[in-house]
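Visitor: Next come a sequence and a model predicted from it.
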Amino acid sequence: MTRKKLDVTIGNVSEVYDGPGGILWEMLMGEQIHVGAEAETDVLAGKAGISDKTHLLDVCSALGGPARYLAKNYGCRVTGLDATRRMDEEANRRTKEAGLSDKIDYVLGNALDMPFPVSTFDVVWGQDAWCYITDKQRLIEECARVLKPGGVLAFTDWLEAGPMTDDEWTALNTFMVFPYMETLDGYAVLAEAAGLTVVEKEDLTPDFAEHIQMYLDQLRKQFRQAIVGNYGQEMYDAVEQGITLWRNASAAGKVGRGRLVARK
């Protein structure tokens, strides 16, 4: 199916995460920058079968929070791939500080043209970041290409979950700088088309709505003063308006989140 897309490029996304956007999302979510923090990383790690024998590729690895957590708690080797220079530099700095540089490598690069040979990784992994990717079909094909035979694709993402007006679709994606969101079924179709076998897909939309409400509460109660002080009232108002929009859409089941696990 051909999906409509906003005119968002990898450069636009990098600009957000090189600037206040990356700082804001770390404020609300912690350095893992995904819903559910470490608890969700543990759930996905269990489903992916991660052990000290695993070489894992974290696609859109951002600050390296999940990479460090996985390396420290599961003993696995991690390669992080991200296209944003500030995120890559900060991930390297924090990883060195944590004494984990021997377990983790970061690569500055594009998820749609991964700089890795065929059949390199035991697990390809993502957490709530692939909504920023402009071509989900190409992304899943690249994930499948770099997976070893028998390897596992395991990821969560923010999703289009129900019908919405064109104006709602545009406003929701524009605020987050998403080119578009995939659906859970859409991801399953892409995985199968790339030669993978879907093992599990789970709709996490109700839990997602609770988290968006929590981020809105935190913004208003804990971070309002800091954001206004550092970036101005206009920036705070725009962020509050955008997260309120997402809160309303998630509560109505129009946007959500899902988990998918597939095997090569």
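Guide: In hand now; what should we look at? It should be emphasised that the depicted structure is a prediction, and the values quoted were computed from it without experimental measurement. Numbering: from 1, shown residues only.

Visitor: Buried residues, stretch 123-138. List them.
Guide: Neighbour counts over stretch 123-138 (16 or more other Cβ atoms under 10 Å) mark 123-134, 136-137 as buried. Using the backbone N, CA and C atoms, a C-beta is placed for each residue, glycine as well.

Visitor: name the helices or strands packed onto the helix or strand hosting T41?
Guide: Assigned by DSSP states H and E, T41 belongs to helix 37-48. Here helix 37-48 touches helix 65-74, strand 121-127, strand 147-160, strand 255-263, going by 3 or more Cβ pairs under 8 Å, 6 or more residues apart in numbering; DSSP states H and E.

Visitor: buried stuff in whichever helix or strand comes after the third one?
Guide: Scanning forward in sequence from strand 147-160 by DSSP H and E, the next helix or strand is helix 166-176. Under the neighbour-count criterion of 16+ other Cβ under 10 Å, helix 166-176 has E168, W169, A171, L172, N173, F175, M176 buried.

Visitor: hmm, which two among the buried residues of stretch 123-138 are most spread apart?
Guide: Using Cβ to Cβ, the buried residues of stretch 123-138 span at most 23.8 Å, a distance reached by V123 and T134.

Visitor: Make sure I have this right: Y215 is in a strand.
Guide: No - with DSSP: H, G, I helix; E, B strand; the rest coil as the criterion, Y215 is assigned helix and is not in a strand.

Visitor: count of neighbours near it?
Guide: 19 (other Cβ atoms under 10 Å).

Visitor: For it, give its distance to V35.
Guide: Counting by Cβ to Cβ, to the nearest Å, the gap from Y215 to V35 is 9 Å.

Visitor: Likewise for V198?
Guide: Note on V198: its distance to V35, by Cβ to Cβ, is 21 Å.

Visitor: Would you mind telling me which of the two has the busier surroundings?
Guide: Neighbour count, other Cβ under 10 Å: between V198 and V35, V35 has more, with 21 against 15.

Visitor: Retrieve the pLDDT associated with the more buried one.
Guide: The model reports V35 with a pLDDT of 75.

Visitor: Quick one: residues contacting it.
Guide: Neighbour list for V35: M29, D128, T156, L204, D207, F208, H211, R257 [criterion: Cβ atoms under 8 Å, 6 or more residues apart in numbering].
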